[in-house]
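Novice: Just the structure for this:
(one chain, ligands or ions: 1)
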Amino acid sequence: MGSDPSGMIKSLIMTTEIQEKSTMEYPKILVGKKALVSGVANKRSIAWGIAQALHAAGADIIFTYQGERLKPELEKVCEGVIDNPKMVELDVTNDDQLDAAFDTVAKEFDGKLDMMVHCLAFAPKETLQGGYVDTQRAHYAMAQDISSYSLAAMSRKARPLMQKAGGGSIITLTYLGAEKVIQNYNMMGIAKAALEAGTRYLASDLGPDNIRVNAISAGPVKTLAGRGIADFTTMLNHHAEKSCLKRNVTTEEIGGTALFLLSPLSGGITGEVLHVDCGYSIKG
Ligand code: NAP
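Specialist: All right, here's what the predicted structure looks like:
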């Protein structure tokens, strides 16, 4: 990030602690634009960092939540940041919910959608420790379904709404474990590899509709999903020590990159996996 010639970034707190409330200020480049954001479980969620960036840039957001039980938590997260947040239930393994959720999005957003944030994943705990060789068939299927197939399913539903909007931008979240063997990441690494390949195939499928699809490969962040990986704290410390910037990435920084990829600023970029990891992945 070196310099800030536009003065766009007012303050960036260099810390390994997670920013629960964004301190960034962005130009209002997304006013009138409509976004669907999945994966806000709590204030530590990467999706919350992204939603705050989109909101600050003026976007109108619909959040998805998985099950009624989680709705109050999402409402609490939005408190004081986004007034009367729009929400829709979506468990990505449920096709009826996918249909219903996108029907609601179409109604709320006048049939149009400009941006979609796919920021969710799941693998059973047993698959995030020990060896990948021990992965059970049912666990494999579940991890792939939720963490990888869901991007295709959601993109298929988003497509007509983005066509009506004249195009769109979709992002997903991945991790270095798709490219390299990372201890304990195991099954999720396999699912992320499929997700990254899926990003490229979707970019090719949807490109003619002026819909871009990109992935952010984020460094480790202490979230609910992250903590599901065995010995996650060691992973965090190792990344901070070894990365070029000698620290871990913040959800605020991931939010800034997401804003770039979702906005017209990245108009010529599609099918890419962009590392937002303080330079960890370039080190030997
Ligand atoms: P998080 O806060 O725990 O978010 C994960 C989200 O996935 C939750 O909102 C969860 O909803 C949702 N989810 C799981 N199963 C679902 C389903 N069947 N239908 C709909 N939603 C479902 O963790 P996070 O770290 O921010 O994860 C967001 C994304 O970033 C994931 O793709 C993750 O792999 C990726 N990522 C994370 C890191 C990291 O170190 N944390 C690094 C790189 C990439 P519930 O809470 O309702 O289950």
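
Novice: residues making contact with stretch 58-68?
Specialist: 28-40, 51, 54-55, 71, 73-74, 78, 82, 85-92, 101, 104-105, 108-109, 114-115, 120 (CB atoms under 8 Å, 6 or more residues apart in numbering). Glycine gets a C-beta too; all of them are placed from N, C-alpha and C.

Novice: ok, 7 Å please
Specialist: 28, 30-31, 33-38, 40, 51, 54-55, 71, 74, 82, 85-91, 101, 105, 108, 115 (CB atoms under 7 Å, 6 or more residues apart in numbering).

Novice: Can you go through the residues you listed and name the buried ones?
Specialist: The neighbour-count test (16 or more other CB atoms under 10 Å) marks 30, 33-38, 40, 51, 54-55, 74, 82, 85-91, 101, 105, 115 as buried among the contacts of stretch 58-68.

Novice: Give me the subset of these that lies in helices.
Specialist: 51, 54-55, 74, 101, 105 (DSSP state H).

Novice: rewinding a little: out of the contacts of stretch 58-68, who's near the ligand?
Specialist: 40, 90-91 (CB under 6 Å from any ligand atom).

Novice: list the buried ones in the helix ranked longest in the chain?
Specialist: In the chain, with assignment by DSSP H, the single longest helix is helix 186-206. The neighbour-count check on helix 186-206 (16+ other CB under 10 Å) flags 186-192, 194-196, 198-200, 202-203, 206 as buried.

Novice: All the strands of the stretch 101-250 of the chain, residue numbers only.
Specialist: For the stretch 101-250 of the chain, applying DSSP state E, counting those that start in this stretch gives strands covering 115-118, 168-174, 211-218.

Novice: okay, those strands in CSV with mean pLDDT next?
Specialist: Shown next, in CSV, are these (pLDDT from 0 to 100):
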stretch, mean pLDDT
strand 115-118, 98
strand 168-174, 98
strand 211-218, 99
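
Novice: Just name the most buried of those strands.
Specialist: When the strands of the stretch 101-250 of the chain are scored by mean count of other CB atoms under 10 Å, the highest mean neighbour count falls to strand 115-118 (a mean of 29).
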